[in-house]
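Visitor: Take a look and give me a structure for this.
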Amino acid sequence: MAWDVEGFAASLTGRSEHTRRAYAHDVAEFVAWAERGGCPEPADADHRALRRYLAYLDTRGFATRTVARKAAAVRAYLRYLRRHGVIAEDPGRSLRTPKGEARLPRVPRRDEAAAFLDAAAARPDVLAADAAGAPDPVGLAVARRDVAVLELLYGAGLRVSECCGLRIRDCDLDRGFVTVLGKGAKIRRVPLGGPARDAVAAYLTGHRPVLARDDSPDVVFLNRRGGALGTRDARRIVAAIPLADGRRLHPHALRHAYATHLLEGGADLRVVQELLGHADLATTQIYTHLTRDRLQAVYEASHPRA
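Guide: Next comes the predicted model:
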């Protein structure tokens, strides 16, 4: 069995696609280092070797949070080897790494988010015809799909992978909910606001059939060829519309905005945690720092005694 990196990667069924790729890469990198550094067998990778590996990562100039992620991948890998009897003891149990400070994401303000979505909603009118002025049903279908994607990312706070993986049967538009398969294979139901529900309904009934093929998957969002919309496609959709100051957004910025604007509107932190699908409340609490920073900035700019 030796290092069995492929078996470890195959075992990560409960993780997101992004996490599986990152963990597989990180573990392959660790194994390559171990074999070069005098650890020809997994049993040779003791606690001292792991500390040397962390020191090696530090010399390569990785950020603290990146080192922490790579260490988490190695710990998961060593647990896998221990479960399968490859190693007798798990040296990763006592491996500790600094997490570093959480980075506060920069998110669009309420008015910026509204203007962003208004600009997206105006695009179908522009793309409804081809260069010669003839009706273009595919171009219109793609434009309506893009509006629905953006409304879901901001109006429901979905991760981009959750949005792209959403299936038709996951959408209960009559009641205004979508059922989402999130990180760690956890399922949650998320309410939809009116604009998001209307955008998804309009796309599903009038425009998805234009993109669908006989062999199209049962996902909500399709690309021009009738296949499932990928996460890179979703990133391009978001980046295609700049904010008023020229900034281009990443899909996760819309999720950040969703959480921040909920808290600014008075939503309970626990409720926001459930809506986002966070396992740990501490992950959600980063947005309380964001809202405090904004309140401080408004106070200092507006109050005569600030």
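Visitor: So what are the structural domains in this structure, by residue number?
Guide: According to automatic domain parsing, the chain comprises the domains 5-94, 110-251.
Visitor: Nearest to Tyr287 among those domains would be which one?
Guide: Minimum separation from Tyr287 across the domains of the chain (CB to CB) falls at domain 110-251, 10.8 Å. The way it works is simple: take the backbone N, C-alpha and C, and place the C-beta from them, glycine included.
Visitor: where's Arg145, which helix or strand?
Guide: Secondary structure assignment for Arg145, by DSSP states H and E: helix 137-155.
Visitor: Can you point out the buried residues in that helix?
Guide: By neighbour count, and taking 16 or more other CB atoms under 10 Å as the criterion, the buried residues in helix 137-155 are 139-155.
Visitor: cool, stretch 51-59 as well?
Guide: For stretch 51-59, by 16+ other CB under 10 Å, it's 52-54, 57.
Visitor: Now render the domains of the chain as a markdown table, adding mean pLDDT and distance to His278.
Guide: Converted to a markdown table, these look like this (pLDDT from 0 to 100; distance: least, CB to CB, whole Å):
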| stretch | mean pLDDT | distance to His278 |
| --- | --- | --- |
| domain 5-94 | 90 | 14 |
| domain 110-251 | 91 | 9 |
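Visitor: what are the ranges of the helices in the stretch 151-300 of the chain?
Guide: 160-164, 194-206, 208-211, 231-239, 251-264, 269-276, 281-284, 286-302 (DSSP state H, counting those that start in this stretch).
Visitor: next one: the helix holding Arg145 to chain centre, how far?
Guide: Its chain's C-alpha centre and that of helix 137-155 lie 18 Å apart, by CA atoms, centre = their mean, to the nearest Å.
Visitor: cool, stretch 258-269 as well?
Guide: How far stretch 258-269 lies from its chain's middle: 19 Å, per CA atoms, centre = their mean.
Visitor: quick revisit: now distance to Ala301 too, for the domains of the chain, in CSV please.
Guide: Below are the domains of the chain laid out as CSV (distance: least, CB to CB, whole Å):
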stretch, distance to Ala301
domain 5-94, 32
domain 110-251, 16
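Visitor: returning to what we had before: farthest-separated two in the buried residues of stretch 51-59?
Guide: For the buried residues of stretch 51-59, the maximum inter-member distance is 10.0 Å, found between Arg52 and Leu57 (CB to CB).
Visitor: so what's the closest residue to Ala257 other than its chain neighbours up against?
Guide: Excluding its sequence neighbours, the residue lying closest to Ala257 (CB to CB, 6 or more residues apart in numbering) is Val107, at 4.3 Å. Taking CB atoms under 8 Å, 6 or more residues apart in numbering, we find Val107 in contact with 253, 256-257, 260, 290.
Visitor: Out of those residues, flag the one nearest to Val86.
Guide: When those are compared against Val86 (criterion: CB to CB), the nearest one is His256, at 40.4 Å.
Visitor: From what I see, the closest one and Tyr287 are in contact.
Guide: Yes: in terms of CB atoms under 8 Å, His256 counts as a neighbour of Tyr287; the distance is 7.4 Å.
Visitor: Of those two, which one has the most company?
Guide: In this view His256 and Tyr287 are compared by other CB atoms under 10 Å, and Tyr287 has more residues nearby, 26 against 23.
Visitor: neighbours around the spatially closest residue to that one that is not a sequence neighbour, how many?
Guide: The shortest distance from Tyr287 to any non-neighbouring residue, by CB to CB, 6+ apart, is to Ala259 (4.6 Å). Residues lying near Ala259 (other CB under 10 Å) number 25.
Visitor: do Glu264 as well
Guide: Count around Glu264 with other CB under 10 Å applied: 15.
Visitor: picking up where we left off before, and the residue nearest to Ala257, backbone torsions?
Guide: Per-residue torsions, Val107: phi -120, psi 150 (degrees, to the nearest 10).
Visitor: Please tell me the pLDDT value assigned to it.
Guide: Note for Val107: predicted pLDDT of 85.
Visitor: of the buried residues of stretch 51-59, closest to Ala121?
Guide: Nearest to Ala121 among these, counting by CB to CB, is Leu57 at 45.8 Å.
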